[in-house]
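# structure for this input, please:
(chains A, B, C and D, ligands or ions: 6)
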Amino acid sequence: MIKPTCEDTFLLKKRNLKNRYFAYTFRPYTQVKKCKPGHFLQLQIPQTDIFFRRPFSIAGVTPAGDIEIIFKIFGKGTALLATLEKGDKVNLLGPLGVPFTLPKKNEKTILIAGGVGFPPLMYLAVEMIAKGYDPKSIEFFYGGRTTDDIIEKSRIKKLGVNFHPVTEDGSYGMKGLVTKPVEEFIQSSDTNMRIYSCGPTGMLKAADSLGLKYKIPGQLSLEAPMPCGVGICLGCVKEKTDGGHARVCCDGPVFEIGEIVL
Amino acid sequence: MIKPTCEDTFLLKKRNLKNRYFAYTFRPYTQVKKCKPGHFLQLQIPQTDIFFRRPFSIAGVTPAGDIEIIFKIFGKGTALLATLEKGDKVNLLGPLGVPFTLPKKNEKTILIAGGVGFPPLMYLAVEMIAKGYDPKSIEFFYGGRTTDDIIEKSRIKKLGVNFHPVTEDGSYGMKGLVTKPVEEFIQSSDTNMRIYSCGPTGMLKAADSLGLKYKIPGQLSLEAPMPCGVGICLGCVKEKTDGGHARVCCDGPVFEIGEIVL
Amino acid sequence: MKPDLKVKIAGVEFANPIMTASGCCGYGEELATMFPLSKLGALVTKSITLNPRLGHPPPRTAETTSGMLNAIGLANVGLETFITEKVPFLEKQPTKIIVNVAGSKLSEYVEVCSRLNDIDSIDMIELNISCPNVDEGGMEFGADPVMTEKSLKAVKNVFKRPIIAKLSPNVTSIVEIAKAAEQGGADAFSVINTLLGMAVDAETWQTKITNNKGGLSGPAIKPVALQMVNAVYSNSSLPIIGIGGIRSTEDVIEFLLCGATAVQIGTGLFVEPTLPVKIEKELLQYMKRKKTDSIYDLIGKVRKY
Amino acid sequence: MKPDLKVKIAGVEFANPIMTASGCCGYGEELATMFPLSKLGALVTKSITLNPRLGHPPPRTAETTSGMLNAIGLANVGLETFITEKVPFLEKQPTKIIVNVAGSKLSEYVEVCSRLNDIDSIDMIELNISCPNVDEGGMEFGADPVMTEKSLKAVKNVFKRPIIAKLSPNVTSIVEIAKAAEQGGADAFSVINTLLGMAVDAETWQTKITNNKGGLSGPAIKPVALQMVNAVYSNSSLPIIGIGGIRSTEDVIEFLLCGATAVQIGTGLFVEPTLPVKIEKELLQYMKRKKTDSIYDLIGKVRKY
Ligand SMILES: Cc1cc2nc3c(=O)[nH]c(=O)nc-3n(C[C@H](O)[C@H](O)[C@H](O)COP(=O)(O)OP(=O)(O)OC[C@H]3O[C@@H](n4cnc5c(N)ncnc54)[C@H](O)[C@@H]3O)c2cc1C
Ligand SMILES: Cc1cc2nc3c(=O)[nH]c(=O)nc-3n(C[C@H](O)[C@H](O)[C@H](O)COP(=O)(O)OP(=O)(O)OC[C@H]3O[C@@H](n4cnc5c(N)ncnc54)[C@H](O)[C@@H]3O)c2cc1C
Ligand SMILES: Cc1cc2nc3c(=O)[nH]c(=O)nc-3n(C[C@H](O)[C@H](O)[C@H](O)COP(=O)(O)O)c2cc1C
Ligand SMILES: Cc1cc2nc3c(=O)[nH]c(=O)nc-3n(C[C@H](O)[C@H](O)[C@H](O)COP(=O)(O)O)c2cc1C
Ligand code: FES
Ligand code: FES
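Numbering: from 1, shown residues only, chains lettered A, B, ... in the order given. Ligands and ions are numbered 1, 2, ... in the order given. Sure, this is the predicted structure:
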């Protein structure tokens, strides 16, 4: 188990992506070497009346000691977070949670991302490529309502993965729900596969069903309100399929397909 | 009675004076025409966990619709206030309180300022001069521990008033407590006089005593913790010399010499 | 069609469910300089006692995390001055007038209420049997069901218009006290008064207010107030005025959903004296958006698990 | 000379007055990855019940203004698993171990305490007679002086080391309950557990937690906790552990000044799990600055008007 730290860092780079998405890079962060795709941070919104920290997946790290998150304005906390300026101090608690397990080298990797579930899967793809996986073994499915929901398009393309954007209104990539092309891909493919998904509940449910239906192993990264993020409050639990509760923050957020009642 | 407003305005100019003092100019402020020296504002420290507004004397207004305050970092609220940047939004409730009454034209005006009591007296001097009072009829006594406690020296000098800085350590102006040269001035003067004071309690007490001892009329601007600032909470009361309580926020903050038990 | 903000409590009709809380709006004069009081469903006066009271010496308020502590000590002008100097202003106001009455003996309550009965412009009395800031009376009445019932009966005898019992949160069962007040003849409840609290300066070791302990109010206490409103709502059919920590239109809606027919804003006025005006406007917008025609479509409509 | 942080409660010596509160530190395993538990005076476990409990279904926490609402519902591994899987870890820790015990019947409390009596590494029991999140038992015990005394007597019979009674703030007189607990043989008090509260979503009209009502904790409740600690302190000579809203060293000092011999940090750990380490350091600095040699120079030393 990793020993998380509680440390102050500074906003180094702020990119205002479209559609209320922001990419923040913080420096310095002493824990970069310990970070893995699937890990998250608990970020304290500085000097506000927001009581709890807010959880964000790590979107990437650099050896120089930078750490990136990508977030979307959702409620009060993220709205205030979006007002930070370069140089502002924030406190990070992390890295937290159980990260993704990398696929076997002979497996096709199917990433299914949606909404704010995109950052950890992008990090996973980057990490795999850095570890020597063939970018062409990665199928990056990314679903949204409209083209504005698909962020960092050029960044994904640069990775050289097989990029499959899908929008409900057809304004970018294929038209419809992301799970349809995923299922078609699975049906048309005869290699070993592994699914990774992070996104809205509907998407996770679909990924879970596909995995179970086609007996494809894989992992899902879940969300829950997280008062603590370190396993001590029992506020973030979800029901396990074999009974009992799992804490999303420390038994997850990454769970095996079929493990959790979605 | 003035109808105060609750309005959003923006930080137009931020000057970091020495020794933890800041001068802030806000624009626009629709109430500038109603503002008088002695009036104060209740300022809401934006987006923080500070619950109450904080009261600040008006330090000056311009016909263009600017309003100025000068403040010193004291506790948590003022520390956060000092972190605002140009363009930031703040909400002002004001103008509040009973302002100073101007002296008679034949009276020598004795201003006794100290600490954060300086801004309203500077505003008073500026207003008097604008109204045609002879700057040389204004004796501006300004006391502090050391030279760093005397801010805006050149601004005062430019007014053309008789400026009497006094520091306890003698590092600027006369050495000692401000009340000694004031008393000497009173003793050596034979015209009608009027005292105005705003500053730490010790200074106000001394000004009050001098007024009573030499039968010089005048006014003191007091401080109290102010939950509301508009007279509805009864939290800011002080004892009156003739019995009963006065609300500092709306029966004051400006009171006649001898009116309040200090 | 414009949604209807009107509510009725014990036969008295209010233009909207937004009232200002006792002790947080004086006798209305100061607020009237800031907005027309017609924007209020009702104004509730500072507690009136038989004799004038200076209250506790300052400091008598302290800021706390998301709230404040007060021990004003029922400072008020007293019954006679209230009648001669404050009522003439109040009765000209285009809003309902609720006079909050306090005392340190039952006979005092009775005397004040009986005098107020003669003044027709006073729509209702709110009986403060729950003020934590006086040594005699006050809290003791509101913490004991027997005294609560007795007090209500006594004042109902002399005041012929509706009486609201203002309940204390500092009790084991607010439902028990509410039932006793109902038994005594209360026509409605105000829920809640302040929670007992204390604040100390870690630097000087000194308590922050002269009365040492005081009443906690503000957003900090809202969850406690909502729970108590809902508990009383589930156990009595009398109308409830919800109070505690209101700072926004959402807060008002939460109180209505939990069972309040109207609300009072206290400490929130200190931060934003014109809050009632903003809330009235936003409440209309909310109701339009939610397609609710009347406040009654919200009252008690919380969805429970 | 370095100030002495040691305190003694009912004969048990603690390295410092800083403890982690029940339900806010699990069984210590997670915090131990973040700092050495030797930094704590004591760790208080999540409430242990006879049988394992899943607790209420999620959502079972909600954020409130400067606080939170929880209705975890006493989720815990149950007595047997606690003894076989959690105690072995706990007894290796260089800190005192206080086991919080809860139940829905008195017999359950007795059975759990009697089993724990056999485990020497458990220094004390904290009796949770005040949990607002279970339907049977819990609160009822702690709201009634007779049941409180009876419960304490019963467990004192079977557990031979000191027992702390954890008191509920949801009562008319916490002093009355404290006296009953003292009468029953309590060796110390923990003051306070959470305040009853409720939270509703103004948009969906849904309560925010599945149990509908829950316990309010965090900085919002600190003034209430300080008042209750001081009230118990003024009326009993038993040592008090102060709890409620601690987020900083100043908060700890305020509790000590009001009469607490030690403190527990609950919700504060969720925001800053390493808070105890910071407080221990800053408390030493504070004591040096104030020239106080021992924690006892602070306990109860509040200056009142
Ligand atoms: C492991 C994990 C990783 C995530 N990664 C990302 C990411 O990379 N990018 C991204 O944009 N988002 C991410 N999220 C979601 C992000 O945390 C939420 O969008 C954010 O918390 C919303 O906060 P807010 O203050 O804007 O909204 P709020 O105004 O807080 O609304 C959020 C809702 O959740 C409730 N809530 C919030 N916190 C708590 C709590 N601690 N306990 C109980 N209820 C609570 C609020 O009451 C409210 O109903 C992640 C979430 C998790 C759990
Ligand atoms: C009429 C008036 C005019 C003023 N003009 C100026 C000025 O021009 N420039 C200037 O620098 N300062 C001025 N002050 C003083 C200024 O308001 C204080 O310095 C400021 O409020 C300190 O706030 P803080 O948050 O920094 O300190 P805090 O951390 O709040 O400390 C202030 C102390 O006061 C207490 N306190 C604060 N507000 C309240 C309240 N509402 N109720 C009870 N207790 C409270 C706090 O608990 C604390 O003990 C003026 C004050 C008044 C009353
Ligand atoms: C400064 C102050 C004075 C108060 N005075 C009274 C009073 O005289 N009578 C009374 O019944 N309630 C009084 N209260 C209680 C309020 O009416 C209200 O019940 C309580 O503050 C909770 O509401 P809030 O959180 O909106 O302030 C007072 C509250 C405050 C803050
Ligand atoms: C999530 C959570 C779970 C809790 N569980 C328990 C518990 O099992 N037993 C208990 O006695 N108190 C429990 N408490 C109460 C705390 O121990 C503490 O008394 C209360 O939270 C006030 O302290 P705080 O404001 O520092 O959190 C719990 C509190 C929280 C927030
Ligand atoms: S967020 Fe606290 S246990 Fe998971
Ligand atoms: S600050 Fe509220 S009455 Fe003066």
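# right, and residue C:179 touches residue C:152 too?
No: counting by CB atoms under 8 Å, residue C:179 stays clear of residue C:152, with 11.3 Å between them. Every C-beta, even on glycine, is put in place using the N, C-alpha and C of the backbone.
# enumerate the residues of the stretch 1-150 of chain A near chain D.
A:1-6, A:44, A:49, A:51-53, A:93 (CB under 8 Å from any CB of the partner chain).
# distance of residue A:94 relative to residue A:108?
Counting by CB to CB, to the nearest Å, the separation of residue A:94 from residue A:108 is 31 Å.
# just residue A:252 next, same as before
Residue A:252 is 24 Å from residue A:108, where distance means CB to CB.
# swap in residue C:240?
Distance of residue C:240 to residue A:108, given as CB to CB: 62 Å.
# those two: which is more packed in?
residue C:240 (29 against 20; other CB atoms under 10 Å in any protein chain shown).
# can you pull the phi and psi angles for that one?
Dihedral angles of residue C:240 (phi, psi; degrees, to the nearest 10) stand at phi -120, psi 140.
# in terms of pLDDT, where does it sit?
Listed pLDDT for residue C:240 reads 98.
# and residue A:203, that's in a helix?
Yes: using DSSP: H, G, I helix; E, B strand; the rest coil, the assignment for residue A:203 is a helix.
# isn't it up against residue A:179?
Yes: Residue A:203 is within contact range of residue A:179, at 7.1 Å (criterion: CB under 8 Å).
# residue in the stretch 101-250 of chain A nearest to ligand 2?
At 27.8 Å from ligand 2, residue A:227 is the closest residue in the stretch 101-250 of chain A, using CB to the nearest ligand atom.
# that residue and residue A:233 touch, don't they?
Yes: Residue A:227 is within contact range of residue A:233, at 4.6 Å (criterion: CB under 8 Å).
# quickly list what's touching both of those two.
The contact sets of residue A:227 and residue A:233 overlap at D:61, D:70, D:270 (CB atoms under 8 Å, 6 or more residues apart in numbering or on different chains).
# excluding chain neighbours, give the residue nearest to the last one in space.
The reference is to residue D:270. Closest residue to residue D:270 apart from its sequence neighbours, by CB to CB, 6 or more residues apart in numbering or on different chains: residue A:228 at 3.9 Å.
# per-residue pLDDT, the residue of the stretch 1-150 of chain C found nearest chain A?
Closest to chain A within the stretch 1-150 of chain C is residue C:66: 6.9 Å, counting by CB to the nearest CB. Model confidence at residue C:66, given as pLDDT, is 95.
# now do the closest residue to it other than its chain neighbours against residue D:261, distance only.
In this structure, residue C:66 finds its nearest non-sequential neighbour in residue D:66, 3.9 Å apart by CB to CB, 6+ apart. Taking CB to CB as the measure, residue D:66 falls 26 Å from residue D:261.
# can you tell me how far the residue lying closest to residue C:9 once chain neighbours are set aside is from residue D:159?
Spatially, and ignoring its direct neighbours in sequence, residue C:9 is nearest to residue C:239 (4.6 Å; CB to CB, 6+ apart). In this view, residue C:239 and residue D:159 are 50 Å apart by CB to CB.
# quick one, which of these two is more surrounded?
The neighbour count for residue C:239 versus residue D:159, taken as other CB under 10 Å, is higher for residue D:159 (24 against 21).
# so who does that one touch?
D:113-114, D:116-117, D:125.
# quick check: the gap between it and residue D:80.
Applying CB to CB, the value for residue D:159 to residue D:80 is 18 Å.
# could you check how far the closest residue to chain B within the stretch 51-200 of chain A is from residue B:243?
Per CB to the nearest CB, residue A:80 is where the stretch 51-200 of chain A lies closest to chain B, at 6.3 Å. Computed with CB to CB, the distance linking residue A:80 and residue B:243 is 49 Å.
# residues in contact with residue A:97?
A:38-40, A:229, A:249-250, A:252-254.
# of the residues you listed, select the buried ones using a ChimeraX command.
Only the buried entries of the contacts of residue A:97 go into this ChimeraX selection, using 16 or more other CB atoms under 10 Å in any protein chain shown:
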select /A:38,39,40,229,249,250,252,253,254
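# of the contacts of residue A:97, closest to residue D:230?
Minimum distance to residue D:230 across those is 34.1 Å, recorded for residue A:229 (CB to CB).
# what's the nearest residue to the closest one if we skip its chain neighbours?
Residue nearest to residue A:229 in three dimensions, not counting chain neighbours: residue A:42, with 4.1 Å by CB to CB, 6+ apart.
# can I assume residue C:189 sits in a strand?
Yes: remark: residue C:189 belongs to a strand, assigned using three-state DSSP.
# looks like it contacts residue C:165 (just checking).
Yes: Residue C:189 lies in contact with residue C:165 (CB under 8 Å); the separation is 5.5 Å.
# between the two, which contacts overlap?
C:178, C:181.
# averaged pLDDT, stretch C:88-98. What do you get?
97.
# what about it, near ligand 3?
No: residues of stretch C:88-98 contacting ligand 3 under CB under 6 Å from any ligand atom: none, with a closest distance of 10.5 Å.
# any chance you could list what contacts that stretch?
The contact list for stretch C:88-98 (CB under 8 Å, 6+ apart) reads C:12, C:14-15, C:19, C:27-29, C:32, C:36-45, C:119, C:121-126, C:164.
# so of those, which ones are in strands?
C:12, C:14, C:19, C:42-44, C:124-126, C:164 (DSSP state E).
# give the buried subset of those as a ChimeraX selection command.
Buried residues among the ones in strands among the contacts of stretch C:88-98 (16+ other CB under 10 Å), as a ChimeraX selection:
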select /C:12,14,19,42,43,44,124,125,126,164
